[in-house]
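J.: what follows is a predicted protein model with its sequence.
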Amino acid sequence: MEKLHSQHSETAAHRDNYTFAQPGIQKKVKALEELVSRIDEQVHNHFRKYEVEYLQFAFRWMNNLLMRELPLRCTIRLWDTYQSEPEGFSHFHLYVCAAFLIKWRKEILDEEDFQGLLMLLQNLPTIHWGNEEIGLLLAEAYRLKYMFADAPNHYRR
């Protein structure tokens, strides 16, 4: 029964993603921004300094569930994990995106202009990623989930 309820709430959450103005995705992007501001204030402030909005890169991450950012072999592994997580696509994906963003921390902080940051964030060098990289990403996402999921005020301002 609990799994059925979880699947129903997952489906309802997805509906908001694909209606006019996509409010579900916009909420998820905002939640990512709030979470990153708590996890890594330096990266968050770097985006603010160069006027990079999370919507400019993370909208695609949320809309396509990272499918365009990762090789197919990694997407399959990632989505398999989402299937095994309660509300994996609608909830755990937030932590995966935060972990994915922080994975590129050094490269982000090395970019010192708006265009360079957007070029990096819209074309991250994951072409050679495999099981090891996606495994590390998922491990970090689980760590973030366990730190923040049961304390949602940690990522709300």
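T.: Now that the structure is in, tell me what you want to look at. Numbers count the residues shown, from 1 in each chain.

J.: what sits against the spatially most central residue of the chain?
T.: In the chain, the centroid-proximal residue (C-alpha atoms, centre = their mean) is Cys97; its distance is 1.7 Å. By C-beta atoms under 8 Å, 6 or more residues apart in numbering, the residues touching Cys97 are 32, 58, 61-62, 66. Where you see a C-beta, it was placed from the backbone N, CA and C, and this is true even at glycine.

J.: what sits against Ile108?
T.: Contacts of Ile108 by C-beta under 8 Å, 6+ apart are 43, 46-47, 101, 117, 120-121.

J.: and of those, the nearest to Glu132?
T.: Leu101 (19.1 Å; C-beta to C-beta).

J.: check the closest residue to the closest one other than its chain neighbours and give its pLDDT.
T.: Leaving aside its sequence neighbours, Leu101 sits nearest to Val36 (C-beta to C-beta, 6 or more residues apart in numbering; 6.0 Å). With respect to pLDDT, Val36 scores 97.

J.: go on, Leu120?
T.: For Leu120, the predicted pLDDT is 97.

J.: what do you get for Gly24?
T.: 82.

J.: next, the contact list for the residue nearest to Leu101, please.
T.: Val36 makes contacts with 43-44, 54, 98, 101-102, as judged by C-beta under 8 Å, 6+ apart.

J.: same question for Met67.
T.: Thr75.

J.: how many neighbours does Ser84 have?
T.: Counted by other C-beta atoms under 10 Å, the residues lying close to Ser84 total 9.

J.: how near is it to His128?
T.: Counting by C-beta to C-beta, to the nearest Å, the gap from Ser84 to His128 is 26 Å.

J.: where exactly do the helices run in this protein?
T.: Along the chain, the segments classed as helices by DSSP state H run 2-17, 23-39, 41-49, 55-63, 72-84, 93-103, 105-110, 114-122, 131-148.

J.: using PDB, write down the CA coordinates of the longest one.
T.: Same thing as helix 131-148. These are the backbone C-alpha positions of helix 131-148, laid out as PDB (Å, rounded to 0.1, in the frame of the first residue of the first chain):
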ATOM      1  CA  ASN A 131      30.000   3.100 -13.100                       C
ATOM      2  CA  GLU A 132      32.700   4.600 -10.800                       C
ATOM      3  CA  GLU A 133      31.700   8.200 -11.400                       C
ATOM      4  CA  ILE A 134      27.900   7.600 -11.200                       C
ATOM      5  CA  GLY A 135      28.400   5.500  -8.100                       C
ATOM      6  CA  LEU A 136      30.300   8.300  -6.400                       C
ATOM      7  CA  LEU A 137      27.700  10.800  -7.500                       C
ATOM      8  CA  LEU A 138      24.900   8.600  -6.000                       C
ATOM      9  CA  ALA A 139      26.800   8.100  -2.800                       C
ATOM     10  CA  GLU A 140      27.200  11.900  -2.400                       C
ATOM     11  CA  ALA A 141      23.500  12.300  -3.200                       C
ATOM     12  CA  TYR A 142      22.600   9.800  -0.500                       C
ATOM     13  CA  ARG A 143      24.800  11.600   2.000                       C
ATOM     14  CA  LEU A 144      23.100  14.900   1.200                       C
ATOM     15  CA  LYS A 145      19.700  13.300   1.400                       C
ATOM     16  CA  TYR A 146      20.400  11.900   4.800                       C
ATOM     17  CA  MET A 147      21.700  15.300   6.000                       C
ATOM     18  CA  PHE A 148      18.900  17.400   4.700                       C
END
